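> Build me a structure from this.
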Amino acid sequence: MLKQKTPLGEIIITGEVFTTLAGAAASNCFGVRGMAYRSVSDGLVHLLKREVVGKGVHISYSVDPDNGNSISVELHIVAKTGVNLPVICSAIIEDVAYKLNRDTGTKVDAVDVYIDSVMID
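Reported below is the predicted structural model:
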């Protein structure tokens, strides 16, 4: 959760907002089949439904009173076969960072993309 002070009050953005925005942005990128979640019980990678894309996202917070608040994002995705993986990862990184900054005003320090699986479309 991040807090931003304004002259009129305080804005609190919960972690669920960041995970939902990041998961939706990544899921809508070309070449992404969906978000991935590794089950603790069986160790297998599962493709998440659109309603729970936030499970494939981990947010780390950095609170700096001098430079403002920022976040780092870790995304776990399932990619489609036949696509150039480095290219789609670059597109995901740019799109997620842009949309998070645009929608929340929070600085994004890093976006790390982990391709946990590939699936035939």
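
> Spatially nearest residue to residue 46 (excluding sequence neighbours)?
Excluding its sequence neighbours, the residue lying closest to residue 46 (Cβ to Cβ, 6 or more residues apart in numbering) is residue 37, at 5.1 Å. Where you see a C-beta, it was placed from the backbone N, CA and C, and this is true even at glycine.

> contacting residues around that neighbour?
By Cβ atoms under 8 Å, 6 or more residues apart in numbering, the contact set of residue 37 is 45-46, 48, 55-56, 76.

> now the helix or strand of the chain with the lowest mean pLDDT, how far from the chain's geometric center?
In the chain, the helix or strand scored least confidently by mean pLDDT, DSSP states H and E is strand 45-47, which has a mean of 76. From the chain centre to the centre of strand 45-47 is a distance of 16 Å (Cα atoms, centre = their mean, to the nearest Å).

> Could you identify the helix or strand that succeeds it?
Toward the C-terminus, strand 45-47 is succeeded by strand 57-64 as the next helix or strand (DSSP states H and E).

> show me where the protein has strands.
For the chain, strands defined by DSSP state E occupy the ranges 2-6, 9-13, 32-38, 45-47, 57-64, 68-80, 107-119.

> got JSON lines for those, with distance to residue 25 too?
Below are the strands of the chain laid out as JSON lines (distance: least, Cβ to Cβ, whole Å):
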{"stretch": "strand 2-6", "distance to residue 25": "18"}
{"stretch": "strand 9-13", "distance to residue 25": "16"}
{"stretch": "strand 32-38", "distance to residue 25": "10"}
{"stretch": "strand 45-47", "distance to residue 25": "17"}
{"stretch": "strand 57-64", "distance to residue 25": "10"}
{"stretch": "strand 68-80", "distance to residue 25": "9"}
{"stretch": "strand 107-119", "distance to residue 25": "10"}
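
> worst average pLDDT in these?
Note on the strands of the chain: strand 45-47 shows the lowest mean pLDDT, a mean of 76.
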